[in-house]
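In: Provided below are the primary sequence and the corresponding predicted coordinates.
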Amino acid sequence: MTSIGVLQIAIFLGLILVCVKPLGSFMAQLFEGQRTFLHPVLRWLEVLTYKFSGIKEDVEQRWTTYTASLLSFSVFGFLLTYALQRLQGFLPLNPQHFGAAQVPPDLAFNTATSFVTNTNWQAYSGEAAMSYLVQMAALAVQNFASAAAGIAVAVALIRGFARQEKKTVGNFWVDVTRATVYVLLPISILAALIFVSQGAIQNLHAYTEVTTIEGAKQILAQGPGASQEAIKQLGTNGGGFFNANAAHPFTSPTPITNLLEMFLIFLIPGALTYTFGKMVGDTRQGWAIFAAFSVMFLIGVFVCYHYEQAGNPMVAKLGVQSAAGDGQSGGNMEGKETRFGIASSALFATVTTDASCGAVNSWHDSYTALGGLVPLFNIETGEVIFGGTGAGLYGILLYCILAVFIAGLMVGRTPEYLGKKIESKEVKMAMLAVIATAFSILVFTALSAVINFQPMGYWNPQGPATANLNNSGPHGFSEILYAYSSGTGNNGSAFGGLTVNTPWYDLTIGLAMWIGRFLFLIPLLAAAGSLAAKKKIPETAGTFPTHGPLFVGLLVGTVVIVGALTFFPALSLGPIVEHFLMQTGKLF
């Protein structure tokens, strides 16, 4: 590792830390129904939305009604996104004349599911499949909607801890509206303007044919990219307007935009920790969670950076210099963005998989075995290292429930968290979420590794699922494992090297996305309803403090151990075996 690389990581985390308190305080005010500095400017839009949609601002919902609202909102978004894709040939803003042939039913199902669940997994090339209308009215709109829904669920869970003897956890429609109007829209507009100022593309022109220096003809794709780039990162969506995603110069033209993209990914997840502390009446609780986030993030990024900077040992054995020097970056530059280098690429890979974002500026398939293990393991923790917009906070609160439960078992005391007794219902709901996501990842991976499911040539016309791999052995297995981890974890990034635009992968990864989103969310909303109805109990000498270093260590340990125990057999068949084979030179 180099001093410049370490400095880049430190500056990035410092920028996030500076914004945690001001944005977190703002969101606490907002979701507690208080007036903010943006109300004079945007209150009219909030009120207009309520009137147009028939929302009663002062009516709250039980957790069951809140959940039903979330599900109906998501199902409607899915149907709208699916329809716009299939009908794009008949709709305007389609200068390249893309039609239903570019988006067959299985791909449309996969893509609609992907954007509605905040996964943004892409089995297609954006510039070769989607019209401008679909990009804006379907995909960009769902970037806002799915992110706002995640924030709403996090806020509902916070209310569960903050309230006592209440039957309601808020109003889903009000929470989504406020998250969109006061948080996502203003920041996205500002970020989009910065992207455009740096050279990102934002227009509605048809693609341009140019002549290269060699005299060849080349088509330059363009379109309304900057506006989608802003919300894709801020909402931890990750779906790229262009196939090259954040490595495309029209998307991220400069180092400033590269830093801005990473900053937007962590901005809201980091600030929500302070929102949590403010709303429960003890900001130390929020800082404890932020500290746990930061510890896990730093471990991951430095492990990834170390192994990528160390390079491929098999290449080093050939006498190729792999150390950084004045004339070269050294390390493993395969699949890296040469404009940004190894440190920024490793940082981006860690950030995007710590959060459920999925945007990439380098190709994870080309990482070293243990360098690639970091983004894979990040996803398999349940995306709770900062995590997605809202998803990170409600995910880590799930682990807080498990952590205090474990602490209670060790001392023989009923576990408590923030003055609420953690009883069997909350623990069962937390474990249901963990087991459901692990089941999805492991079962779908196992099926795809061995299946030859080809009735009538429909499910997989290319043959067995493994026939779509570009790599054999442990690395090929990692590609399959990563695909289902990314889908279930609602991340959206890909290892690459695996052809996933087939009916088998489109449908099974689509199902994994539904499982990962809603079998994780629904149990947590049930826990929120249960917690809100409970009385708060006073602290005693036996109360386990949940705001100090001991709790931070226990929380980090719970996340790591649960992830390791759940997925170690699968990981040992993939990146861990690959690492030892590379060390011995027996991989190829």
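Out: Yep, it's here. All values derive from a computational prediction rather than experimental measurement.
In: residue 153 is in contact with residue 394, correct?
Out: Yes: assessed by CB atoms under 8 Å, residue 394 is found in contact with residue 153 at 5.6 Å. Yep, even glycine has a C-beta here, placed from its N, CA and C like the rest.
In: what about residue 113, which helix or strand?
Out: Using DSSP states H and E, residue 113 sits in helix 105-116.
In: next helix or strand past that helix?
Out: By DSSP H and E, the next helix or strand past helix 105-116 is helix 132-133.
In: how about the next helix or strand after that next one: buried residues?
Out: Per DSSP H and E, the first helix or strand lying C-terminal to helix 132-133 is helix 141-162. Residues of helix 141-162 classed as buried by neighbour count (16 or more other CB atoms under 10 Å): 141-162.
In: helix 141-162: how far from the chain's middle?
Out: When distances are taken as CA atoms, centre = their mean, to the nearest Å, helix 141-162 is centred 14 Å away from the chain's centroid.
In: likewise for stretch 554-562?
Out: For stretch 554-562 - counting by CA atoms, centre = their mean - the centre lies 20 Å from the chain centre.
In: name the residues of stretch 228-248 that are buried.
Out: The neighbour-count check on stretch 228-248 (16+ other CB under 10 Å) flags 228-242, 244-248 as buried.
In: ok, the closest residue to residue 31 other than its chain neighbours - contacts?
Out: Among residues not flanking residue 31 along the chain, residue 155 sits closest, at 4.7 Å (CB to CB, 6 or more residues apart in numbering). Applying CB atoms under 8 Å, 6 or more residues apart in numbering, one finds that residue 155 lies in contact with 31, 170, 175, 179, 275, 279, 390.
In: listing request: residues of the stretch 351-500 of the chain with sub-threshold pLDDT.
Out: 452-466 (pLDDT under 70).
In: can we see that at 80?
Out: 411-413, 450-473, 496-497 (pLDDT under 80).
In: now do the helices in it.
Out: Assigned by DSSP state H, counting those that start in this stretch, the stretch 351-500 of the chain shows helices spanning 369-380, 391-411, 424-450, 473-488.
In: packing partners of the last one?
Out: Based on contacts counted as 3 or more CB pairs under 8 Å, 6 or more residues apart in numbering; DSSP states H and E, the elements that helix 473-488 packs against are helix 369-380, helix 424-450, helix 503-532, helix 549-573, helix 575-584.
In: swap in the third one?
Out: The contact analysis (3+ CB pairs under 8 Å, 6+ apart) places helix 424-450 against helix 391-411, helix 473-488, helix 503-532, helix 549-573.
In: winner for burial among those?
Out: helix 473-488 (a mean of 27; mean count of other CB atoms under 10 Å).
In: C-alpha coordinates for that helix, PDB please?
Out: In PDB, the C-alpha atoms belonging to helix 473-488 read as follows (Å, rounded to 0.1, in the frame of the first residue of the first chain):
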ATOM      1  CA  GLY A 473     -12.800 -24.200 -10.900                       C
ATOM      2  CA  PRO A 474     -13.100 -22.100  -7.700                       C
ATOM      3  CA  HIS A 475     -13.200 -18.800  -9.600                       C
ATOM      4  CA  GLY A 476     -16.200 -20.000 -11.700                       C
ATOM      5  CA  PHE A 477     -17.900 -21.100  -8.500                       C
ATOM      6  CA  SER A 478     -17.200 -17.600  -7.000                       C
ATOM      7  CA  GLU A 479     -18.900 -16.000 -10.000                       C
ATOM      8  CA  ILE A 480     -22.100 -17.900  -9.400                       C
ATOM      9  CA  LEU A 481     -22.000 -17.400  -5.600                       C
ATOM     10  CA  TYR A 482     -21.400 -13.600  -6.100                       C
ATOM     11  CA  ALA A 483     -24.300 -13.300  -8.500                       C
ATOM     12  CA  TYR A 484     -26.900 -14.800  -6.000                       C
ATOM     13  CA  SER A 485     -25.200 -13.000  -3.100                       C
ATOM     14  CA  SER A 486     -25.600  -9.700  -5.000                       C
ATOM     15  CA  GLY A 487     -29.200 -10.400  -6.000                       C
ATOM     16  CA  THR A 488     -30.300 -11.500  -2.500                       C
END
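In: what angle separates that helix from helix 503-532?
Out: Relative orientation of helix 473-488 versus helix 503-532 (axes from the mean of the first three to the mean of the last three CA atoms, to 10 degrees): 50 degrees.
In: could I get the pLDDT score of the residue in the chain sticking out farthest from the centre?
Out: The outermost residue of the chain relative to its centre, with distances by CA atoms, centre = their mean, is residue 215 at 41.6 Å. Note for residue 215: predicted pLDDT of 88.
In: give me the three-state assignment for it.
Out: Secondary structure, DSSP: H, G, I helix; E, B strand; the rest coil: residue 215 is coil.
In: relative to residue 280, how far out is it?
Out: 66 Å (CB to CB, to the nearest Å).
In: quick one: contacts for the residue most central in space within the chain?
Out: With distances taken as CA atoms, centre = their mean, the residue of the chain nearest its centroid is residue 356 (0.9 Å). Applying CB under 8 Å, 6+ apart, one finds that residue 356 lies in contact with 118-119, 236, 238, 379, 383, 387-388, 391-392, 489-492.
In: swap in 7 Å and give it another go.
Out: 118, 236, 383, 387-388, 391, 489-491 (CB atoms under 7 Å, 6 or more residues apart in numbering).
In: try residue 205
Out: Residue 205 touches residue 222, counting by CB under 7 Å, 6+ apart.
In: same thing but 10 Å
Out: Taking CB atoms under 10 Å, 6 or more residues apart in numbering, we find residue 205 in contact with 95, 132, 220, 222-224.
In: next, the angle helix 369-380 makes with whatever helix or strand residue 297 lives in.
Out: Residue 297 is part of helix 283-310 when elements are defined by DSSP H and E. Here the directions of helix 283-310 and helix 369-380 differ by 150 degrees (the same axes, to 10 degrees).
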